[in-house]
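1. just the structure for this:
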Amino acid sequence: MRPCAAVLTLLLGWCVLGALGSGCAAGVAGRIPPAAFQFHEVVSRSGRGGGGWKVAQTTITLTRVSHTQPVQAQCDVEIGVPLKNKKGIVSDVVAQGAAAMAADEAARLALGRRPATSAELCLLFLAHMRSLLETKVPGVRVRRFIEPGIPQTKFVPE
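-> Model prediction:
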């Protein structure tokens with residue numbers, strides 16, 4: 001290897017390591033599993049039409065590792081889903097899968113915006129989750145915990 005190429009390779013390696021160490025690298029450490037969203041029926045469905053409602057409450061820990069602007073937030077997320085909507089019956093498996101995929105993408109988007117506070121991070125996360133889930137599950141609601149008496153789960157990435 002020529003000396004000039006060796007120097008360039010060494011400099012490129014230092015730049016990559018510096019970006020990783022400063023929190024500039026994009027990526028999500030932990031995937032949020034569908035099992036983190038345990039739905040519980042709160043309004044039963046009656047009759048032939050739509051109706052009924054189920055809710056999952058999960059506290060999700062989001063973390064941005066950075067030397068200059070670290071932030072960690074514990075976001076309370078309540079997802080409400082109709083038991084049946086215009087697309088048909090919404091099974092728990094479908095609701096859990098859609099919620100997990102939306103949560104992963106929402107975490108990536110919210111952390112990428114580099115919010116300064118944990119409150120701002122949670123608000124961004126909830127807004128992104130809402131917009132992503134609305135396209136997959138018509139009638140969905142995403143907000144902070146409101147429904148009383150729902151067993152809560154927690155997701156903390158390793």
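
2. how about low-confidence regions in the protein?
-> Counting by pLDDT under 70, the ranges of the chain that qualify are 1-30, 47-50.

3. distance from the top helix by length along it to the middle of the chain?
-> With secondary structure taken from DSSP state H, the chain has its longest helix at helix 92-112. Computed by CA atoms, centre = their mean, to the nearest Å, the chain-centroid distance of helix 92-112 equals 4 Å.

4. quick one: Lys54 is in a helix?
-> No - checked against DSSP: H, G, I helix; E, B strand; the rest coil, Lys54 lies outside a helix; its state is strand.

5. can you list the buried residues in the longest helix of the chain?
-> Buried residues in helix 92-112, counted by 16 or more other CB atoms under 10 Å: 92, 94-96, 98-107, 109-111. The C-beta positions use only the backbone N, C-alpha and C, and glycine is treated the same way.

6. before we move on, what about stretch 138-154?
-> Quick answer for stretch 138-154 (16+ other CB under 10 Å): 139-142, 147, 150.

7. thought Ala103 was touching Ile60?
-> Yes - in this structure, Ala103 is within contact of Ile60 by CB atoms under 8 Å, at 6.4 Å.

8. what's near enough to touch the nearest residue to His40 once chain neighbours are set aside?
-> What sits nearest to His40 in space, not counting adjacent residues and going by CB to CB, 6 or more residues apart in numbering, is Ile150, at 5.5 Å. If you count contacts by CB atoms under 8 Å, 6 or more residues apart in numbering, Ile150 has them with 40, 42, 55-57, 78.

9. what is the neighbour count of Met129?
-> 26 (other CB atoms under 10 Å).

10. may I have the secondary structure class of it?
-> On the three-state scheme (three-state DSSP), Met129 is labelled helix.

11. now distance to His128 and secondary structure too, for the buried residues of stretch 138-154, in TSV please.
-> Formatted as TSV, the buried residues of stretch 138-154 follow (distance: CB to CB, whole Å; DSSP: H, G, I helix; E, B strand; the rest coil):
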residue	distance to His128	secondary structure
Gly139	18	coil
Val140	13	coil
Arg141	15	strand
Val142	9	strand
Glu147	21	coil
Ile150	22	coil
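
12. ok, of those, which one's closest to Ser131?
-> The closest of the buried residues of stretch 138-154 to Ser131 turns out to be Val142 (CB to CB; 8.9 Å).
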